[in-house]
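Visitor: coords please:
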Amino acid sequence: MGLKSFFIFFIILLWFVFIPFSADAKDGTVTSRLSVCDGKTFTSVQDPEFLSYDQALRDYMVKRISNRFGIALDPKTYSGFDLLEIEGLFKCKKSNEPFDLFLKMFPKHP
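Guide: Numbers count the residues shown, from 1 in each chain. Presented below is the predicted three-dimensional model:
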């Protein structure tokens, strides 16, 4: 019985190890551009590395919101962090509430 339980434990362990990696591998291009900035600090919002990070975040979030909620947003209109908040609000909204109600809360950046 010990070998059988060890085998089951090993399969469950492999399951939990490989599932997160396979979920992240769907769209490796944008996430790899985002992960390059993991742990970095930026000198200012004018820092070229921060601008690159923000653009990658905007592209990723616009695509994710479009896939999940069917709302097409312009990545130039909102900052990356605004898009993170917008997605969070969309997750909490009631089914009868319009999306525009939440989008009015965020200033648009040309």
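Visitor: how close does Asp59 sit to Leu103?
Guide: 18 Å (C-beta to C-beta, to the nearest Å). C-beta here means a position set from N, CA and C on the backbone, and glycine is covered the same way.
Visitor: And Gln55, by the same measure?
Guide: Noted for Gln55: a distance of 20 Å to Leu103, by C-beta to C-beta.
Visitor: ok, those two, which is more surrounded?
Guide: Between Gln55 and Leu103, counted using other C-beta atoms under 10 Å, the more crowded position is Leu103 (17 against 14).
Visitor: Look up which helix or strand the closest residue to the more buried one other than its chain neighbours falls in, please.
Guide: Closest residue to Leu103 apart from its sequence neighbours, by C-beta to C-beta, 6 or more residues apart in numbering: Ile86 at 6.9 Å. Taking DSSP states H and E as the definition, one finds Ile86 inside helix 80-92.
Visitor: could I have that helix exported to PDB, CA atoms only?
Guide: Output in PDB follows, covering the C-alpha atoms of helix 80-92 (Å, rounded to 0.1, in the frame of the first residue of the first chain):
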ATOM      1  CA  GLY A  80      -1.800  50.600 -16.900                       C
ATOM      2  CA  PHE A  81      -2.800  51.000 -13.300                       C
ATOM      3  CA  ASP A  82      -6.100  52.500 -14.200                       C
ATOM      4  CA  LEU A  83      -6.800  49.400 -16.300                       C
ATOM      5  CA  LEU A  84      -6.000  47.200 -13.400                       C
ATOM      6  CA  GLU A  85      -8.600  49.000 -11.300                       C
ATOM      7  CA  ILE A  86     -11.100  49.000 -14.100                       C
ATOM      8  CA  GLU A  87     -10.800  45.200 -14.400                       C
ATOM      9  CA  GLY A  88     -11.300  44.900 -10.600                       C
ATOM     10  CA  LEU A  89     -14.400  47.000 -10.800                       C
ATOM     11  CA  PHE A  90     -15.800  45.000 -13.700                       C
ATOM     12  CA  LYS A  91     -15.400  41.900 -11.700                       C
ATOM     13  CA  CYS A  92     -17.500  43.300  -8.900                       C
END
